[in-house]
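Novice: Fold the following, please.
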Amino acid sequence: PWWTRAQMQRTKLLRAIDRRGLILANAGSERGAGAHAPVLLRRTSWGLCVDGTYDYVSLANVADLVLFNAPLAHHYGMTFCVASLRAGSTHIGPAKFGGSMRLSDTCSVRFDGHLVPAERHLEVPSAAALSCMAQYQRSWFQLLLGEVSLGRMARLRETWDLTPSKEDAASLNDLMLMKEYALRLLDE
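Specialist: This next block holds a predicted model:
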């Protein structure tokens, strides 16, 4: 709903991203649940303190902010956070992939006593709400990746006067399937 704390925080975040040209990364997902040691949050008088590691964060070295959810210590719910990747308490590991996948800039990200201010986190009221947020987050990210890839391929073809190859057709088909899946998740 428009006049909720969550909507106001979302609006402020989107304005900051737009105004400052920030790049967002995404850490963790329901697909990666149990794949890494838990990232834990604890309350402080300034916000939340984050400790732990996400093993796979795309765009880790180029992003300014990372979106993630983690459990709050001594609490049964989850908390959705937006954390800075440029702080001294955030450590980015080496690239996870080589070859063409190196361009994804996927690395581990470790938080050591990292502070997330109050205006950059939101407690999620239920498992259903967390699932909805995770699906929305994944859909948004997949739609963004698809559009970036399509735009890049079109620009390369235009710049170098290239004709599409069989591999391009296969990549386009993969991107269209990813887009259809993301749109179906949003519809649900």
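Novice: how many neighbours does A63 have?
Specialist: Per other Cβ atoms under 10 Å, the neighbour tally for A63 reads 22. (Glycine included, C-beta is placed from N, CA and C.)
Novice: what sits against it?
Specialist: By Cβ atoms under 8 Å, 6 or more residues apart in numbering, the contact list for A63 reads I23, L24, A25, V57, L85.
Novice: Spell out which two among those residues are the most distant pair, please.
Specialist: Spanning the widest gap among the contacts of A63 are I23 and V57, at 12.1 Å by Cβ to Cβ.
Novice: The two: which is more packed in?
Specialist: V57 (26 against 12).
Novice: Was I right to think that one contacts C107?
Specialist: Yes: between V57 and C107 there is a contact under Cβ atoms under 8 Å: 6.1 Å.
Novice: Now the common contact residues for those two.
Specialist: With Cβ under 8 Å, 6+ apart as the test, V57 and C107 both reach I92.
Novice: remind me, longest helix of the protein?
Specialist: Counting by DSSP state H, the longest helix found in the chain is helix 127-160.
Novice: Would you mind pulling the contact partners of the very next helix or strand once past that helix?
Specialist: Under the assignment DSSP states H and E, the closest C-terminal helix or strand after helix 127-160 is helix 166-187. Contact with helix 166-187 is made by 135-136, 138-140, 142-143, 145-146, 149-150, 153, 164, as judged by Cβ under 8 Å, 6+ apart.
Novice: For stretch 180-188, buried residues please.
Specialist: Using 16 or more other Cβ atoms under 10 Å as the test for burial, stretch 180-188 gives A182, L185.
Novice: same question for it, mean pLDDT?
Specialist: What stretch 180-188 shows for mean pLDDT is 83.
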